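Chemist: sharing a model that was predicted from the sequence below.
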Amino acid sequence: MQLTEEIFKRKNESGGGIEVICGSMFSGKTEELIRRINRARYAKLSVIVFKPKLDVRYDETDVVSHNATAQASTPVSKSSEILLLAGHAQVVGIDEAQFFDNKLPDVCTTLANKGIRVIIAGLDMDFKGRPFGPMPTLMAIAESVTKVHAVCLRCGNPALYSYRLVPSKEKVLLGEKDSYEPRCRICYNSKSF
Ligand SMILES: Nc1ncnc2c1ncn2[C@@H]1O[C@H](COP(=O)(O)OP(=O)(O)O)[C@@H](O)[C@H]1O
Ligand SMILES: Cc1cn([C@H]2C[C@H](O)[C@@H](COP(=O)(O)O)O2)c(=O)[nH]c1=O
Ligand SMILES: [Zn+2]
């Protein structure tokens, strides 16, 4: 059995791959992405991290977790820009992957086939509990998928849903604790909250 879903890539070793970190909001996706990126930096691999330009909640450029850990990143407006900018990177990180266009899986496949380790973090489900953007395809084509869980704010069990607290029905609504709370299956479906 594999003890970790992280692909270990040593310097000068060819053979890329795709790793997906998914889960609800507040589940630790960005923290796990930053942890893996930091380890790649310790290994002296060249690293570049991307995020969608529309995600400017905490910072215009950095990838920032809800716990304030941060990582410099390059904001891009479409996935094809990643191919142009990844250059000679050995490791590519992508945060908030749910907001990217449907070409992102092909972009990641191209990078992985060139020997690059691609680490992707994103919401697997939107507030309605439906698969979000390119995430299901990315999960299908990845070597490894890590599903992380937040703590349900209603009962303390592991949470897999991001419950929207405000009335908007738009799929994309940037926000934090003011607009969303993580919930387990039972609390997400409960009519009493
Ligand atoms: N209900 C919650 N369950 C778990 N972590 C929470 C919760 N609310 C806030 N947090 C904080 O969020 C951090 C994870 O943030 P982050 O990595 O940005 O998550 P994600 O990218 O999945 O939204 C946790 O380490 C914790 O400090
Ligand atoms: C569920 C859901 C979320 N969003 C937005 C809200 C946040 O800005 C991001 C998720 O950030 P996180 O790093 O995973 O906490 O996505 C949205 O636009 N639509 C949704 O349905
Ligand atoms: Zn619950």
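Modeler: Happy to help now that I have it. Ligands and ions are numbered 1, 2, ... in the order given.

Chemist: model confidence for L3, exactly?
Modeler: If you check L3, the pLDDT there is 45.

Chemist: what's F127 in contact with, if anything?
Modeler: F127 makes contact with Y161, S162, Y163, R164, L173, Y180 under the criterion CB atoms under 8 Å, 6 or more residues apart in numbering. Just so you know, the C-beta spots here come from the backbone N, C-alpha and C atoms, and that holds for glycine as well.

Chemist: now with 6 Å?
Modeler: Counting by CB atoms under 6 Å, 6 or more residues apart in numbering, F127 touches S162, R164.

Chemist: worst-scoring helix or strand of the chain, pLDDT-wise?
Modeler: strand 70-71 (a mean of 86; mean pLDDT, DSSP states H and E).

Chemist: tell me which strands and helices whichever helix or strand comes after that strand is in contact with?
Modeler: For strand 70-71, the succeeding helix or strand toward the C-terminus, using DSSP states H and E, is strand 74-76. Under the contact definition 3 or more CB pairs under 6 Å, 6 or more residues apart in numbering; DSSP states H and E, strand 74-76 sits against strand 47-52.

Chemist: gap between whichever helix or strand comes after the strand it packs on and the chain center?
Modeler: The helix or strand immediately downstream of strand 47-52 is strand 63-64, counting by DSSP H and E. With CA atoms, centre = their mean, to the nearest Å as the basis, strand 63-64 stands 11 Å off its chain's centre.

Chemist: likewise stretch 150-159?
Modeler: Between the centre of stretch 150-159 and the centre of its chain there are 20 Å (CA atoms, centre = their mean).

Chemist: ends of that stretch, how far apart?
Modeler: Length of stretch 150-159, first residue to last, CA to CA, to the nearest Å: 5 Å.

Chemist: just the buried residues of it, please?
Modeler: For stretch 150-159, the neighbour count (16 or more other CB atoms under 10 Å) marks A150, C152, L153, R154, P158, A159 as buried.

Chemist: roughly how far apart are the nearest residue to the fifth one once chain neighbours are set aside and ligand 2?
Modeler: So that's P158. Distances taken as CB to CB, 6 or more residues apart in numbering put H149 closest to P158, at 3.8 Å, once the chain neighbours are dropped. The spacing between H149 and ligand 2, counted by CB to the nearest ligand atom, to the nearest Å, is 12 Å.

Chemist: since that was my last question, I'll sign off now.
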